[in-house]
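> Next input, structure requested:
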Amino acid sequence: MIRARLLRRLPALALMGITLTACTRAVAPDDYFPLQPGHEWRYRVDVEGAPRPPAGLRVHEVRTLRPIKVDGVDGKVFRRFDTLGNEYHFTRSDTGVERIGLRNATELEAQRDVPARPVLPTPPKVGSTWQVSTHPFALRRTVPLGGYLSSQYSIALTMMIEATNDVVTTPAGRFENCLRVVGEGSIELYGDARQGFITVPITQTEWYAPGVGLVKLLREEPLEAEIFEGGSIQYELIGYR
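Next up, the predicted model:
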């Protein structure tokens with residue numbers, strides 16, 4: 001349950017349990033967000049500053065499925081599916097990859113993203129920026145009847161490509177020429193009459209390797225207060241195909 005609350009709404013971690021296609025299509029060497037059917041990624045999940053998930057729940061898996069046709073959408077709709085039962089829908093164009101819908105484990109049909117959510121622009125250039133809407137993942141109340149704030153607050157992150165040549169090492173190996181994408185925003189929380197409002201900076205850093213995809217993600221939500229506490233969540237690639 002802890003892991004589900006923390007991971008269910010992560011942006012751009014798009015996406016086991018559904019049969020793969022008979023063969024895996026090759027990924028272009030300059031593709032930072034592979035969508036062809038038959039690929040799989042496994043991530044180790046580390047949580048700091050908040051209750052840690054049980055050891056058996058510290059791996060997050062993502063698989064690509066066969067593309068489908070969706071009414072009102074030109075071209076193919078690509079799909080990714082994750083261990084939480086979320087199915088994410090994407091389109092790819094000359095200008096980049098966008099997420100256009102999401103179906104969670106309790107829904108029969110995907111809910112459309114209006115407007116579509118940018119994931120990565122094409123071509124990726126240092127200085128490119130875009131906006132995404134997200135939620136806090138590690139922030140929680142520490143008082144009785146507390147809990148995570150995931151569904152209660154919305155945060156606007158400004159994403160920017162800060163580098164295209166990072167070197168990243170994870171349990172899956174060493175990756176060169178990685179994109180580093182950093183998203184920054186903040187959230188205002190009311191502590192109490194003494195503390196008043198507290199501004200919490202939110203930072204999300206993503207690294208994408210060419211021909212592989214997302215290899216590392218770090219969400220930081222630092223906060224120490226009487227009734228709230230923050231933390232961080234990190235994904236590291238441990239295997240892919």
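
> so where do the strands sit in this protein?
40-48, 59-68, 77-82, 87-93, 96-103, 111-121, 129-134, 140-141, 155-170, 173-190, 197-209, 213-224, 228-240 (DSSP state E).

> Quick one: closest of the ones you listed to Pro34.
Closest to Pro34 of those is strand 213-224 (Cβ to Cβ; 5.1 Å). Where you see a C-beta, it was placed from the backbone N, CA and C, and this is true even at glycine.

> Could you check the angle the closest one makes with strand 129-134?
Relative orientation of strand 213-224 versus strand 129-134 (axes from the mean of the first three to the mean of the last three Cα atoms, to 10 degrees): 60 degrees.

> gap between strand 213-224 and the chain center?
Here strand 213-224 is found 9 Å from its chain centre; the criterion is Cα atoms, centre = their mean, to the nearest Å.

> other SSEs contacting that strand?
With contacts taken as 3 or more Cβ pairs under 8 Å, 6 or more residues apart in numbering; DSSP states H and E, strand 213-224 sits against strand 40-48, strand 155-170, strand 173-190, strand 197-209, strand 228-240.

> Columns mean neighbour count, distance to Leu84 and mean pLDDT on top of those strands, output as a markdown table?
Compiled in a markdown table, those are given as follows (neighbours: other Cβ atoms under 10 Å; distance: least, Cβ to Cβ, whole Å; pLDDT from 0 to 100):
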| stretch | mean neighbour count | distance to Leu84 | mean pLDDT |
| --- | --- | --- | --- |
| strand 40-48 | 19 | 12 | 94 |
| strand 155-170 | 16 | 20 | 97 |
| strand 173-190 | 17 | 21 | 95 |
| strand 197-209 | 19 | 18 | 94 |
| strand 228-240 | 20 | 13 | 93 |
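
> Look up how far Arg117 lies from Phe90.
Note on Phe90: its distance to Arg117, by Cβ to Cβ, to the nearest Å, is 9 Å.

> Overlap of the contact sets of those two?
Counting by Cβ atoms under 8 Å, 6 or more residues apart in numbering, the contacts common to Phe90 and Arg117 are Glu98, Arg99, Ile100.

> now, among these, which is nearest to Val212?
Looking across the shared contacts of Phe90 and Arg117 and measuring by Cβ to Cβ, the closest to Val212 is Arg99, at 19.2 Å.

> per-residue pLDDT, the closest one?
Looking at Arg99, its pLDDT reads 97.

> Compute the distance between it and Val168, please.
Distance of Arg99 to Val168, computed by Cβ to Cβ: 23 Å.

> Ala28: which of the helices and strands packed on strand 213-224 is closest?
strand 197-209 (12.7 Å).

> Which strands and helices lie in contact with the closest one?
Partner elements for strand 197-209 (3+ Cβ pairs under 8 Å, 6+ apart): strand 155-170, strand 173-190, strand 213-224.

> Please state the offset of it from the chain centre?
Counting by Cα atoms, centre = their mean, strand 197-209 comes out at 12 Å from the chain centroid.

> go on, stretch 161-168?
On Cα atoms, centre = their mean, the centre of stretch 161-168 falls 18 Å from that of its chain.

> Mind exporting the C-alpha coordinates of that stretch to CSV?
Presented in CSV, the C-alpha positions along stretch 161-168 are these (Å, rounded to 0.1, in the frame of the first residue of the first chain):
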residue,chain,number,x,y,z
ILE,A,161,16.7,19.7,-20.5
GLU,A,162,19.8,20.7,-18.7
ALA,A,163,22.3,18.4,-20.4
THR,A,164,22.6,15.9,-23.2
ASN,A,165,25.9,14.3,-22.4
ASP,A,166,25.6,13.0,-18.8
VAL,A,167,27.2,9.7,-17.8
VAL,A,168,25.0,7.6,-15.4
